[in-house]
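**Student:** For reference, the sequence and a predicted model appear below.
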Amino acid sequence: MKQDPPAAYRKPARPRPLQTHEVRIIGGQFKRSKLPVADRPGLRPTPDRVRETLFNWLGQDLTGWRCLDAFAGTGALGFECASRGAQAVQLVELDGTLVAQLKRSQMQLKAAAVQVLRGDALAVLRQQAAASLDLVLIDPPFDSNLFEPALAAAAATLSAAGLIYLEAPQRWPDERLQPLQLRLHRHLKAGAVHAHLLLPA
């Protein structure tokens with residue numbers, strides 16, 4: 001029977017890698033740039049695989065698009081839009097710590113198309129002019145009741161060819177979307193995340 005070697009001869013256990021607390025922009029002008037992830041309750045950056053799929057759905061060139069990231073968090077989704085040529089990207093966030101970090105990231109990237117706004121996402125969406133946005137990104141805290149009101153507010157802002165990206169803890173079928181004048185165009189499940197691309201009904 002093989003015996004374990006004495007403690008002095010055992011290989012030391014490998015240290016666990018430290019959590020990096022950052023995400024990388026995956027495409028466009030700012031590709032590989034790092035965005036810090038603050039340690040804030042409920043902050044859940046969109047996984048790389050989901051972001052990659054989203055921009056495959058949208059096409060990699062967003063030149064001229066007007067975008068609004070309604071629950072910006074790290075800003076990963078909004079900065080990805082700016083990286084791909086969006087004309088204007090509003091990052092809306094209520095948490096003051098996250099707003100400060102978004103502004104630092106905007107300055108470091110020299111992302112001239114990006115505007116960081118501190119405020120309530122629903123209020124900001126409801127203030128947008130009709131048909132003024134080409135893409136609205138909606139990724140609220142999963143335990144919130146913000147999904148339906150955010151979708152309703154976003155639907156009223158869309159241009160004729162406008163799109164909504166929705167990230168949620170469950171799939172939103174067409175029967176839930178129809179009362180909001182929306183329909184499901186694309187869907188992906190990745191772990192606990194359901195990613196949706198929605199069109200006006």
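**Tutor:** Nice, thanks for sending it over. None of the values given here were measured: they were computed from a predicted structure.
**Student:** Endpoint to endpoint, stretch 104-117 covers what distance?
**Tutor:** 13 Å (Cα to Cα, to the nearest Å).
**Student:** quick one: average pLDDT of it?
**Tutor:** What stretch 104-117 shows for mean pLDDT is 97.
**Student:** For it, which residues meet the burial criterion?
**Tutor:** Judged by neighbour count (16 or more other Cβ atoms under 10 Å), stretch 104-117 contains these buried residues: 105-106, 109, 111, 113-114, 116-117. Quick note: C-beta positions are derived from backbone N, CA and C, even for glycine.
**Student:** go on, stretch 60-67?
**Tutor:** For stretch 60-67, burial by neighbour count (16+ other Cβ under 10 Å) applies to 62, 65-67.
**Student:** Okay, helices next: where are they in this protein?
**Tutor:** Ranges of helices within the chain are 48-58, 76-83, 96-109, 121-127, 147-155, 174-177, based on DSSP state H.
**Student:** Excluding sequence neighbours, find me the nearest residue to Leu68.
**Tutor:** Gln90 (4.5 Å; Cβ to Cβ, 6 or more residues apart in numbering).
**Student:** hmm, back to that, determine which two of the buried residues of stretch 104-117 are furthest apart.
**Tutor:** Leu109 and Leu117 (17.0 Å; Cβ to Cβ).
**Student:** Just the buried residues of the longest strand along the chain, please?
**Tutor:** In the chain, taking DSSP state E as the definition, the longest strand is strand 158-168. Neighbour-count burial for strand 158-168 flags 158, 162-168 (criterion: 16+ other Cβ under 10 Å).
**Student:** Could you measure from Glu52 over to Phe147?
**Tutor:** Remark: distance between Glu52 and Phe147 (Cβ to Cβ, to the nearest Å) = 23 Å.
**Student:** Mind checking which of those two has more residues around it?
**Tutor:** Taking neighbours as other Cβ atoms under 10 Å, Glu52 and Phe147 compare with Phe147 leading, 21 against 14.
**Student:** picking that back up, so the residue nearest to Leu68 sits right up against Leu117, yeah?
**Tutor:** Yes. Assessed by Cβ atoms under 8 Å, Gln90 is found in contact with Leu117 at 5.9 Å.
**Student:** list residues touching both of these two?
**Tutor:** Val124 (Cβ atoms under 8 Å, 6 or more residues apart in numbering).
**Student:** ok, back up a step: farthest-separated two in the buried residues of stretch 60-67?
**Tutor:** Most distant of the buried residues of stretch 60-67, by Cβ to Cβ, are Leu62 and Arg66, 9.7 Å apart.
**Student:** which residues are in contact with both of those two?
**Tutor:** Between them, Leu62 and Arg66 share these contacting residues under Cβ under 8 Å, 6+ apart: 86, 135.
**Student:** Tell me, how many residues neighbour the closest residue to Gly162 other than its chain neighbours?
**Tutor:** Among residues not flanking Gly162 along the chain, Asp134 sits closest, at 5.3 Å (Cβ to Cβ, 6+ apart). Asp134 has 23 neighbours, counted by other Cβ under 10 Å.
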